[in-house]
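Asks: 3D, please:
(one chain, ligands or ions: 1)
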Amino acid sequence: MLILTHEKYLELIKELNRHATLYYQKDAPEITDADYDRLYRQAQDYETSNPLLASSDSPTQRIGDKPLTAFESFNHPTPLPSLGNVFDQDELIAFHDRAVKGLETEQITYSIEPKMDGLAIAIHYENGQLKVAATRGDGKSGENVTANIKTIRALPHTLTKPITIEVRGEVFMRKSQFAKIADTFANPRNAAAGSIRQLDSRVAAQRNLDVFLYQGIYDGIETHAEMLIFLKELGLPVNPDVKTATSITEAYSQAIQFETDRENYDWEIDGAVIKVNRFDYQDRLGFTIKAPRWAAAYKFAAEEGITRLNDITVQVGRTGVITPVAELAPIKLAGVTINRATLHNMDEINRLDIQIGDTVILKRSGDVIPKIIGKATRADDSRPFQMPTHCPECQHPVTKEEGEVAHKCNNVLCAARIKGQLTHFASRKAMDIDGLGEAVIDQLVDEGLIHTYSDLFVLTRDQLLALDRFADKSADNLISALEAAKTNSLSKLIFALGISFVGENAATLIADHHPNLEALQSVTEESLIAIDGLGIKTAAKIIETFHDPAFQEEITKLRSLGLNPQHQIITDGPLSKQSFLITGTLSIKRIELESKIKALGGKIASSVNKQLSYLIVGDSPGSKVEKAEKLIQKEHPIQIIDEASILKMINL
Ligand code: IVH
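Replies: Now for the predicted structure:
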């Protein structure tokens, strides 16, 4: 162990704090994490041998060592108000009009900042030292959470100036951090609140919380924007996205911009806060009973809401998987009314710990399908959901294989499975059969007219006309759509067959190595495994499916009915023996470029490896570029080219 003098120890502490600032606030570390850890341990060692000489400034002091039994309450010397909400442009303009009236001027500059979805905190520094931190509580008094706040690494314990100041801000958890502990909390806000209210600060320390300060109580500064600069100079973390605007319309567009960018931040925001910039104006406007007249929260369309879980039903999919579905009391989220959400499987229901009758937290972010993210409250009459023991469609026993999460109906003749398979078969990316949607399929199956894919192609016009959904024209249309589907490519047909794990990409790969269905009927596992990009699990599933005599019979039937696409395998062409891989976004469709390359004899690789000839790089490429560069350094002849070059190569 390195023996330090006290003087050297104090220098070490200074150095550690300097590196922490560089890392957390300036995003410009000078040393590696490992080097930081080494210095940190030296400080720790010194403190273990000389506990009485440990500095309160030491980064080791960020973690308290004894859990508390309860939080003390803390009276805020100046109360923490909340904000009035506005929900649209008109309400924001009304807020502005009131300010104009109160100030008797139209010239108002506003500060616009993201409204962080976390938990409000007030932190008191005395002579530059962090003394107390407390939650907002009811605004008048909160809980003294100093030990936990001290674990936030972005927050200095000592300011750059020895001043006395109260600062306020929002404690939050980054989305990237939340992703690591997602099972414990429903959302990052709950995670932040739950972690700050941990009695054991060692636990709080592990949660890696973060904070942005947005207010300072300190004389001699004239505007909010200048205050934020001052806070930064003190070494305090401030949201990097704060903007100013000289009119309310500009403020509104900025708020909308935040809403558009919402998904791109590593923290959750639920609105924009618009504040009158000048402090003398703020003072003149003052407060209503509840909130300041100089600030407003423009709330984004809610992405999260609480609703009752009325029931859990189940759906039988085309592979027999039984999926529990939440039947919800209708709720509007981000402008869309939602009354159902998938619960995936029994494990998910157990993980969420939800029962029928509970109120649950539902989230819909961006274009993502709505998801139940947790339980809000349990009702007295809530009851646990039980997976049915028999398939609700065909009464076959429901089974669950060892090591699998899904419950399944294993009856291949189950009407629900058949309907699911046929719907997939007819869907746009598969056989693309116009006029053969779910409702028509339901009727055809229920009437016993079809059981398998091939049955579709022997349907007659008269059979269709006998059903209530069909008239002359629609029957003719379906018959010709079925006729047209016979000319679909081999890859579309393979995808349509609905073999587990065989998506569009795998279907294309398989088609690229086989001339027709007949060849596939005698396919071997070895030849499938040899296909670059096709997984072992997928290969095994394909073999298992083709070994099923019923499936073989079905393929033979399809062939005899004229579904027998031939695929030309091109081995000889200007691009033969060359392999290509695309990363990032291109201006043309990836699949289009890939098929053109293949048509010229080129191969599409599945990953960057020594055999790769060309890496085609589009916008926002992934880590593949780095990987390729590493291989190039090792003298593998990979060429990195852009979209224009490949288009030129293939004359597109
Ligand atoms: S200013 C008097 N600025 O929103 C002004 N609040 O609804 C006090 N919040 O309790 C608040 N981000 O927890 C302000 N940039 C921001 C904010 C923000 C989040 C929270 C804060 C407050 C709540 C009010």
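Asks: how about G584, phi and psi?
Replies: Per-residue torsions, G584: phi 80, psi -180 (degrees, to the nearest 10).
Asks: Give me the neighbour count for it.
Replies: Residues near G584, counting by other CB atoms under 10 Å, number 17. (C-beta placed from N, C-alpha, C; glycine too.)
Asks: Likewise for G503?
Replies: 11.
Asks: Was I right to think it contacts L497?
Replies: No - applying CB atoms under 8 Å, one finds G503 not in contact with L497, separated by 11.9 Å.
Asks: what do the two both touch?
Replies: The overlap between the contact sets of G503 and L497 (CB atoms under 8 Å, 6 or more residues apart in numbering) is empty.
Asks: what helix or strand is A122 on?
Replies: Element membership for A122 (DSSP states H and E) is strand 119-126.
Asks: does any bit of the helix or strand following that strand sit next to the ligand?
Replies: Going down the chain from strand 119-126, the next helix or strand is strand 129-135, by DSSP H and E. No - Strand 129-135 lies out of reach of the ligand by CB under 6 Å from any ligand atom, never closer than 9.9 Å.
Asks: Quick one: mean pLDDT for strand 129-135?
Replies: For strand 129-135, mean pLDDT is 96.
Asks: Equivalent analysis for stretch 311-325, please.
Replies: Averaging pLDDT along stretch 311-325 yields 94.
Asks: Can you show me the CA trace of that stretch as PDB?
Replies: C-alpha atoms of stretch 311-325 as PDB (Å, rounded to 0.1, in the frame of the first residue of the first chain):
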ATOM      1  CA  ASP A 311     -60.200  -8.500 -17.100                       C
ATOM      2  CA  ILE A 312     -57.400 -10.700 -18.600                       C
ATOM      3  CA  THR A 313     -58.400 -12.700 -21.700                       C
ATOM      4  CA  VAL A 314     -56.300 -14.900 -23.800                       C
ATOM      5  CA  GLN A 315     -55.500 -15.000 -27.500                       C
ATOM      6  CA  VAL A 316     -54.300 -18.100 -29.400                       C
ATOM      7  CA  GLY A 317     -51.700 -17.200 -32.000                       C
ATOM      8  CA  ARG A 318     -50.800 -19.000 -35.200                       C
ATOM      9  CA  THR A 319     -48.000 -21.000 -33.500                       C
ATOM     10  CA  GLY A 320     -50.400 -22.000 -30.700                       C
ATOM     11  CA  VAL A 321     -48.800 -19.600 -28.200                       C
ATOM     12  CA  ILE A 322     -51.400 -18.400 -25.800                       C
ATOM     13  CA  THR A 323     -51.000 -14.700 -25.000                       C
ATOM     14  CA  PRO A 324     -52.800 -13.100 -22.100                       C
ATOM     15  CA  VAL A 325     -54.400  -9.700 -23.000                       C
END
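Asks: who touches it?
Replies: 326-327, 340-346, 349, 356, 385, 387-388, 391-393, 398, 406-412, 414, 416-417, 419-421, 423-424, 498, 500.
Asks: Equivalent analysis for stretch 340-356, please.
Replies: Identification of contacts with stretch 340-356 by CB under 8 Å, 6+ apart yields 183, 309-312, 323-328, 360, 362, 369-375, 378, 382-385, 387, 400, 405-407.
Asks: What remains of the contacts of stretch 311-325 if I keep only buried residues?
Replies: 326, 341, 343-346, 349, 356, 385, 388, 391, 393, 398, 406-409, 411, 414, 416-417, 419-421, 423-424, 498 (16 or more other CB atoms under 10 Å).
Asks: Go through the chain and flag its longest helix.
Replies: helix 6-24 (DSSP state H).
Asks: Buried ones in it, by neighbour count?
Replies: Y9, L10, L12, I13, L16, N17, H19, A20, T21, Y23, Y24.
Asks: same check, this time on stretch 393-403
Replies: Neighbour-count burial for stretch 393-403 [16+ other CB under 10 Å]: E393, C394, H396, V398.
Asks: Return it as PDB; C-alpha atoms alone will do.
Replies: This file holds the C-alpha atoms of stretch 393-403, laid out as PDB (Å, rounded to 0.1, in the frame of the first residue of the first chain):
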ATOM      1  CA  GLU A 393     -60.800 -22.300 -29.000                       C
ATOM      2  CA  CYS A 394     -60.500 -26.000 -29.300                       C
ATOM      3  CA  GLN A 395     -60.500 -27.300 -25.700                       C
ATOM      4  CA  HIS A 396     -57.200 -29.100 -26.200                       C
ATOM      5  CA  PRO A 397     -55.000 -29.100 -23.100                       C
ATOM      6  CA  VAL A 398     -52.700 -26.100 -22.600                       C
ATOM      7  CA  THR A 399     -49.000 -27.000 -22.100                       C
ATOM      8  CA  LYS A 400     -45.800 -25.300 -21.100                       C
ATOM      9  CA  GLU A 401     -42.500 -26.800 -22.000                       C
ATOM     10  CA  GLU A 402     -39.600 -26.800 -19.600                       C
ATOM     11  CA  GLY A 403     -37.500 -23.700 -20.100                       C
END
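Asks: got the contact list for whichever residue of the chain sits closest to the ligand?
Replies: The ligand sits closest to A120 of the chain, with a gap of 3.2 Å, by CB to the nearest ligand atom. Going by CB under 8 Å, 6+ apart, A120 touches L80, T135, R136, R168, G169, E170, V171.
Asks: and if we set it to 7 Å?
Replies: L80, R136, R168, E170 (CB atoms under 7 Å, 6 or more residues apart in numbering).
Asks: what's the distance between it and P79?
Replies: From A120 across to P79, the span is 12 Å (CB to CB, to the nearest Å).
Asks: residues in this structure within reach of the ligand, list them.
Replies: 81-83, 113, 115-116, 120, 136, 170, 214, 273, 292, 295, 297.
Asks: contacts for stretch 173-182?
Replies: Outside stretch 173-182, the residues that touch it by CB under 7 Å, 6+ apart are P188, A191, A192, R207, N208, L209, D210, D266, W267, E268.
Asks: a markdown table for those residues, including secondary structure, pLDDT and neighbour count?
Replies: Shown next, in a markdown table, are the contacts of stretch 173-182 (DSSP: H, G, I helix; E, B strand; the rest coil; pLDDT from 0 to 100; neighbours: other CB atoms under 10 Å):
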| residue | secondary structure | pLDDT | neighbour count |
| --- | --- | --- | --- |
| P188 | helix | 90 | 24 |
| A191 | helix | 90 | 21 |
| A192 | helix | 93 | 29 |
| R207 | coil | 92 | 23 |
| N208 | coil | 92 | 18 |
| L209 | coil | 95 | 26 |
| D210 | strand | 96 | 22 |
| D266 | coil | 94 | 13 |
| W267 | coil | 95 | 21 |
| E268 | coil | 93 | 24 |
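Asks: Columns distance to L586 on top of these, output as CSV?
Replies: Shown next, in CSV, are the contacts of stretch 173-182 (distance: CB to CB, whole Å):
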residue, distance to L586
P188, 34
A191, 38
A192, 39
R207, 40
N208, 37
L209, 40
D210, 36
D266, 27
W267, 31
E268, 32
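Asks: Nearest to G584 among these?
Replies: The shortest gap between G584 and any of the contacts of stretch 173-182 belongs to D266, at 21.3 Å (CB to CB).
Asks: Pull out the buried members of the contacts of stretch 340-356.
Replies: 309, 312, 323-324, 326, 328, 360, 362, 370-375, 385, 406-407.
Asks: Just the ones of these in strands?
Replies: Counting by DSSP state E, those place 309, 312, 323-324, 326, 328, 360, 362, 371-375, 407 in strands.
Asks: Out of the buried ones among the contacts of stretch 311-325, which sit inside strands?
Replies: A326, A341, V398, H407, K408, C409.
Asks: And what about the closest residue to V440 other than its chain neighbours, helix, strand or coil?
Replies: Nearest residue to V440, sequence neighbours excluded (CB to CB, 6 or more residues apart in numbering): R469, at 5.9 Å. Secondary structure assignment for R469 (DSSP: H, G, I helix; E, B strand; the rest coil): coil.
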